[in-house]
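# could you work out the structure for the sequence below:
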Amino acid sequence: MSRRVVVTGLGVLTPLGLDVESTWSALLAGKSGAGTISQFDATDYAVRIACELKGFDVENWIDKREARKMDASVHYGVAAALMAWNDSGLADVGFDARRVGAIIGSGVGGIQTLENQHTVLMEKGPRRISPFFIPMLIPDMSSGVVSIMLGLKGPNFATVSACASGAHAIGTAYRAIQHGDADAIVTGGTEAAVSPMSIGGFASMRAISSRNDEPERASRPFDAERDGFVLGEGAGTVVLEELEHAKKRGATIYAELVGYGATGDAFHMTAPAPDGAGMASAMADALADAGLAPDAIQYVNAHGTSTPLNDKLETAAIKAAFGAHAEKLAVSSTKSMTGHLLGAAGGVEFVFSVLAIGRSVIPPTINYENPDPECDLDYVPNGPRETDVSNVLSNSFGFGGHNCALAVSRFES
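So this is what the prediction gives:
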């Protein structure tokens, strides 16, 4: 019999707040994190809006000299991981370093570093490239730095699956603990992709919203007038822990991770499979892994990107996975407020799913104003819903046909 896995620590950095409580409060208030880009001059760009982190000071988490050797994506990943670690209380009771690991995903890694160092190459030549360029660039470095800072000698690597990276990290950590490879793992996702090349690239493929004059209304998942996602940045991590290990030390248990589904579309580099078949199979696999019937789920935290194709096909996929129960589900997209954090999205949204259970409230989908006949589920429009929540499914899907679903439940001893 596989071991039970519980959530004992939470940490987030989002465009809505620099910790769990401020982010959650803004989420329930229906606040948008979107605004005009401030990190670079986007005057000549087709898209000039994003959901940026506000007021983050890396020196609150990492020594100034060490921080200079790291990309912003690592700054965010480390900060969120330390939040979750401190919240878990593991350091207070001591732990077997060989049995604790770090698995933190990122979709694009150090893209800001890549752009900055390319400018150095072009303007000053190859001898002026930073000796830290490569470790700053590679997507595994959040896991590496967290491992070094906390002395974790268990499983230590990154997952890279575009916008499913954070969710895949959590699912992979779950499996490692289930199978006895570790007793606890700090896991989730991080991203710092609000950069000139990233904004320009997403705009060229028409994936992001060009509602530049109304940034707060630009991310509108499932709405008939949606025109793309709003790029966000930040990180979301949790501490997953084997149940008996957590109980023995008297840990606070937020919820239990009970199911993980991961599938591939085998269809297209960027478009989901027709009718959302791959998405539906990931959800069905997560439910089967959890031993939950479809009607046991009260809430789906949707991938809900605010792109025309994703939202339509995710709606179809939910109907396929849940059958008649789909009409009774609450489905919301918190990306309507945080923006799309790419590889960090799955980590942040898993934290939201855990909080929905613990706080008995479902966060809304804001900017839902114009119903789309092809998106006809209950999207919890424009305001939170207080209700008993015992089982949640969190969806994450990525370019390349990567589908991931995580099932989380109220902990029952």
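# surely V145 and V78 touch.
Yes. V145 is within contact range of V78, at 5.5 Å (criterion: CB atoms under 8 Å). For the C-beta atoms, the positions are set from N, CA and C on the backbone; glycine is no exception.
# return every residue with contacts to both of those two.
Common neighbours of V145 and V78, using CB atoms under 8 Å, 6 or more residues apart in numbering, are M70.
# which one's more surrounded, these two?
More neighbours surround V78 than the other of V145 and V78, with 28 against 22 (other CB atoms under 10 Å).
# how much distance is there from the host helix or strand of S281 to the middle of the chain?
If you go by DSSP states H and E, S281 is part of helix 277-290. Helix 277-290 has its C-alpha centroid displaced from the chain centroid by 18 Å (CA atoms, centre = their mean, to the nearest Å).
# try stretch 339-359
With CA atoms, centre = their mean, you get 6 Å for stretch 339-359.
# would you mind measuring from the closest residue to L13 other than its chain neighbours to V12?
The shortest distance from L13 to any non-neighbouring residue, by CB to CB, 6 or more residues apart in numbering, is to G234 (4.4 Å). Counting by CB to CB, to the nearest Å, the separation of G234 from V12 is 7 Å.
# common neighbours of those two, please.
Joint contacts of G234 and V12 (CB under 8 Å, 6+ apart) are 80, 348.
# the residue nearest to L13 bridge partners, please.
With DSSP bridges as the criterion, the beta-bridge partners of G234 are E191.
# is it true that it touches K54?
No. With contacts counted by CB under 8 Å, G234 stays clear of K54, the gap being 10.4 Å.
# quickly list what's touching both of the two.
P15.
# who has more neighbours out of the two?
When neighbours are counted by other CB under 10 Å, G234 and K54 differ, and G234 comes out ahead with 34 against 13.
# which residues touch that one?
Contacts of G234 (CB under 8 Å, 6+ apart): 12-15, 53, 76, 80, 190-191, 338, 341, 344, 348.
# shaky segments in this protein?
1 (pLDDT under 70).
# domains for it, by residue range?
For the chain, automatic domain parsing gives the domain ranges 5-248, 261-409.
# for the top helix by length along the chain, buried residues please.
Longest helix in the chain, counting residues (DSSP state H): helix 72-88. Neighbour counts over helix 72-88 (16 or more other CB atoms under 10 Å) mark 72-85, 87-88 as buried.
# what's D223 sitting at in phi/psi?
phi -80, psi 150 (degrees, to the nearest 10).
# my guess is it contacts N367. True?
Yes. Judged on CB under 8 Å, D223 makes contact with N367 at a distance of 6.2 Å.
# more neighbours: which of these two?
In this view D223 and N367 are compared by other CB under 10 Å, and N367 has more residues nearby, 27 against 23.
# neighbours of the nearest residue to the more buried one once chain neighbours are set aside, just the number please.
Nearest residue to N367 in three dimensions, chain neighbours excluded: R220, at 3.8 Å (CB to CB, 6+ apart). R220: 27 surrounding residues under other CB under 10 Å.
# how near is R220 to I362?
18 Å.
# do the same with A203
Taken as CB to CB, the span from A203 to I362 is 32 Å.
# more neighbours: those two, which one.
I362 (27 against 19).
# spatially nearest residue to the more buried one (excluding sequence neighbours)?
R385 (4.5 Å).
# quick one, strands of this protein?
Remark: strands assigned in the chain by DSSP state E are 5-13, 35-36, 49-50, 100-105, 156-157, 184-191, 234-242, 255-264, 299-301, 330-332, 361-362, 385-386, 391-398, 402-409.
# strand partners (parallel or antiparallel) of the first one?
Paired strands of strand 5-13, with direction, are strand 234-242 (antiparallel), strand 255-264 (antiparallel) (DSSP bridges).
# okay, those strands in JSON lines with distance to A407 next?
Supplementary listing: the strands paired with strand 5-13 in JSON lines, determined by distance: least, CB to CB, whole Å:
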{"stretch": "strand 234-242", "distance to A407": "14"}
{"stretch": "strand 255-264", "distance to A407": "3"}
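# so for P381, which of these sits nearest?
strand 234-242 (23.9 Å; CB to CB).
# return the closest one as CSV; C-alpha atoms alone will do.
Listed next in CSV are the C-alpha coordinates belonging to strand 234-242 (Å, rounded to 0.1, in the frame of the first residue of the first chain):
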residue,chain,number,x,y,z
GLY,A,234,5.9,34.8,-9.1
ALA,A,235,6.1,31.5,-7.3
GLY,A,236,4.0,29.0,-5.4
THR,A,237,5.4,26.2,-3.3
VAL,A,238,4.2,23.7,-0.7
VAL,A,239,5.8,21.2,1.7
LEU,A,240,4.5,17.7,1.0
GLU,A,241,5.1,15.2,3.8
GLU,A,242,4.4,11.6,4.5
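# I figured A218 hits L231, correct?
No. With contact defined as CB under 8 Å, A218 does not count as touching L231 (10.4 Å).
# one step back: dump the strands of the chain to CSV, plus distance to T119.
Listed next are those as CSV, based on distance: least, CB to CB, whole Å:
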stretch, distance to T119
strand 5-13, 26
strand 35-36, 23
strand 49-50, 20
strand 100-105, 27
strand 156-157, 30
strand 184-191, 21
strand 234-242, 25
strand 255-264, 36
strand 299-301, 38
strand 330-332, 40
strand 361-362, 45
strand 385-386, 48
strand 391-398, 29
strand 402-409, 31
